[in-house]
Each structure stands twice: as C-alpha cells, then as structure tokens.
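Enquirer: Build me a model:
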Amino acid sequence: MLSRWNANLGRTAQRQRRRTRNPMAAYDALPAPLRAWLARAALPWSPASCLRLWERGRARGLSVEDRLAALDRAQARALMREAEAA
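Expert: Numbering: from 1, shown residues only. Reported below is the predicted structural model:
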C-alpha cells in the first residue's frame, strides 16, 4: 500500500523528497512549450529539473524544438533506467 505522501507517483524508482517551494508556482513560471511538454510527460518531473535541461539547451543555442527533443531523450533514458530497476 502506498502512503498518502507518494500515492500519486505510482510505482516508480524516482527518488522521493519533500518540496520546500510551491510546485505550482514553479510550473506556472515555466515557458509555455516547456509547460506543455511537462503536462504530457510520462514521469513525475519537477519543474526545476526540466528548467535546468531547458536552460542548458538554450545556452547551447538550441531551438525550442531541439530543446524539446533533448527533453524527450532525457525522458527515454529515465524510462530505460526505470525498466532496468523493475
């Protein structure tokens, strides 16, 4: 049985930790394309981790589409790790 604290994560190998900031405010502050990607993500990504990847791509001069593709690749790697852990 899942505790109330982690019930919405389902069965995942993702680390669980308490948040000190308001996650909805962090989500609302994201750029629109990043919010849309996060809304359809297969894993429970934090807005902070997505923003880090987003900003890293922007610093490299990647287009919005390339940054979204990089997020897709990061998610695919995370899903592979999930499958290996199961």
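Enquirer: if I pick the residue nearest the centre of the chain, what's in contact with it?
Expert: Taking Cα atoms, centre = their mean as the criterion, Trp45 is the residue nearest the geometric centre of the chain, at 2.4 Å. Trp45 is in contact with Leu38, Gln75, counting by Cβ atoms under 8 Å, 6 or more residues apart in numbering. C-beta here means a position set from N, CA and C on the backbone, and glycine is covered the same way.
Enquirer: how far away is it from Ala83?
Expert: 17 Å (Cβ to Cβ, to the nearest Å).
Enquirer: what about the helices in this protein?
Expert: Assigned by DSSP state H, the chain shows helices spanning 23-28, 32-39, 47-59, 64-85.
Enquirer: possible to save these as a markdown table with mean neighbour count and mean pLDDT?
Expert: A markdown table is the format used below for the helices of the chain (neighbours: other Cβ atoms under 10 Å; pLDDT from 0 to 100):
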| stretch | mean neighbour count | mean pLDDT |
| --- | --- | --- |
| helix 23-28 | 12 | 88 |
| helix 32-39 | 14 | 96 |
| helix 47-59 | 15 | 95 |
| helix 64-85 | 13 | 94 |
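Enquirer: if I look at Ser46, how far off is Arg52?
Expert: 9 Å.
Enquirer: actually Arg67, sorry about that
Expert: In terms of Cβ to Cβ, Arg67 sits 12 Å off from Arg52.
Enquirer: go on, Arg35?
Expert: 15 Å.
Enquirer: likewise Arg81?
Expert: From Arg81 over to Arg52 (counting by Cβ to Cβ), the distance is 18 Å.
Enquirer: next one: Arg77
Expert: 15 Å.
Enquirer: Please apply the same query to Val64.
Expert: According to Cβ to Cβ, Val64 stands 16 Å off from Arg52.
Enquirer: Also Ala85?
Expert: 23 Å.
Enquirer: do the same with Ala36
Expert: For Ala36 relative to Arg52 (Cβ to Cβ), the value is 18 Å.
Enquirer: What of Trp45?
Expert: Counting by Cβ to Cβ - Trp45 and Arg52 are separated by 11 Å.
Enquirer: cool, Ala74 as well?
Expert: Counting by Cβ to Cβ, the gap from Ala74 to Arg52 is 10 Å.
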